[in-house]
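> need a 3D model of the sequence below.
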Amino acid sequence: MNILEQMVSGGGIASNATTLANELSALLLAFILGQVVAWVYVYTHQGLSYSRAFVQSIILLTIIICLAMMVIGSQIVIAFGLIGALSVIRFRNILKDTRDTAFIFFSLIIGMASGTGAFQLAFLGVFFFTCVLLYLHWTQFGSRNTSDGFLRFNIAAGEMIQEKIMKLLRRHCRRTQLVSQRFQEDGSGEIAFRLAMRDPNRSDAMIEEMQDISGLSNVTFVLHEDQSEV
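Have a look, this model is predicted:
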């Protein structure tokens, strides 16, 4: 009961009053909060750089730092000795996403807060951090023109074909921009457009309609978010 009151009130663990129950409570708290951070990372992650090992590292680092802070306590000599021991480790893994760095640092801070007995601050930090992450994820903050797409196709000779294509694009797109066009002597060629879709979910329907047009071939379409959000 005293441990729960201590966690709610934010009281620290005094070095001379450290008990097995206090140590177990701190490690358990680090594990639970590390799980929360890891689940939020999994839920909000986008792109191709996902790694199960990285998710598990978030939880393990939180527990490790919590244990390290309890070992250090108020002993400066032990702190320097621990720093020297950890300097032997060489991290070879390169983080592909700068957002992953934020999760690593946050897991370290939560481990430090749990290990030093700042339970209230640890709870508040995880709650605020989770709220900010969910806000950024749900609002897609920082995204630009997620409905933009890149269209490329080959066209046979014929002016009427180009008129049909432009009519179809105006029906499906808010804005079209000609990126490149290359024509042969016989009038056939390759054309590329950057598009702002009215409804990105209807891109498949647009492609099917283009494939039904006689004289078109090799029609490819890629949404902007599929190109850049990796």
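> pLDDT of stretch 36-45, averaged?
Confidence over stretch 36-45 (mean pLDDT, whole number) is 88.
> just how off-centre is it within its chain?
Here the centre of mass of C-alpha atoms in stretch 36-45, compared against the chain's by C-alpha atoms, centre = their mean, to the nearest Å, lies 9 Å away.
> so which residue is smack in the middle of the chain?
Against the mean C-alpha coordinate of the chain, by C-alpha atoms, centre = their mean, the closest residue is residue 45 at 3.5 Å.
> would you give the sheet partners of the longest strand along the chain, along with the direction of each?
Looking only at the chain and at elements set by DSSP state E, the strand with the highest residue count is strand 173-183. Sheet partners assigned to strand 173-183 using DSSP bridges are listed as strand 189-197 (antiparallel).
> other residues contacting the longest helix along the chain?
In the chain, ranked by residue count with DSSP state H as the criterion, the top helix is helix 20-44. Residues outside helix 20-44 that contact it (C-beta atoms under 8 Å, 6 or more residues apart in numbering) are 3, 7, 13, 55-56, 58-63, 65-67, 70, 103, 106-107, 110-111, 114-115, 117, 119, 122-123, 126, 129-130, 133-134, 136-137. For every residue, glycine as well, the C-beta is placed using N, CA and C.
> just the buried subset of those, please.
Under a neighbour-count criterion of 16 or more other C-beta atoms under 10 Å, the subset of the contacts of helix 20-44 counted as buried comprises 3, 7, 13, 55, 58-59, 61-63, 65-67, 70, 103, 106-107, 110-111, 114-115, 117, 119, 122-123, 126, 129-130, 133.
> so what are the domain limits for the protein?
Following the assignment in automatic domain parsing, the chain carries domains at 2-139, 148-228.
> ranked by average pLDDT, which of those domains falls at the bottom?
Comparing mean pLDDT over the domains of the chain, the weakest stretch is domain 2-139, at a mean of 75.
> and residue 117, backbone torsions?
Recorded main-chain torsions at residue 117 are phi 90, psi 10, according to degrees, to the nearest 10.
> follow-up on the earlier one: buried stuff in the longest strand of the chain?
Of the residues in strand 173-183, those buried by neighbour count under the rule 16+ other C-beta under 10 Å are 173, 176.
> gap between it and the chain center?
Its chain's average C-alpha position is 32 Å from that of strand 173-183, according to C-alpha atoms, centre = their mean.
> what's next to it, contact-wise?
Outside strand 173-183, the residues that touch it by C-beta under 8 Å, 6+ apart are 150, 166, 169-170, 189-198.
> quick one: buried ones out of those?
Applying the neighbour count, that is 16+ other C-beta under 10 Å, the buried entries in these are 150, 169, 191, 193-195, 197.
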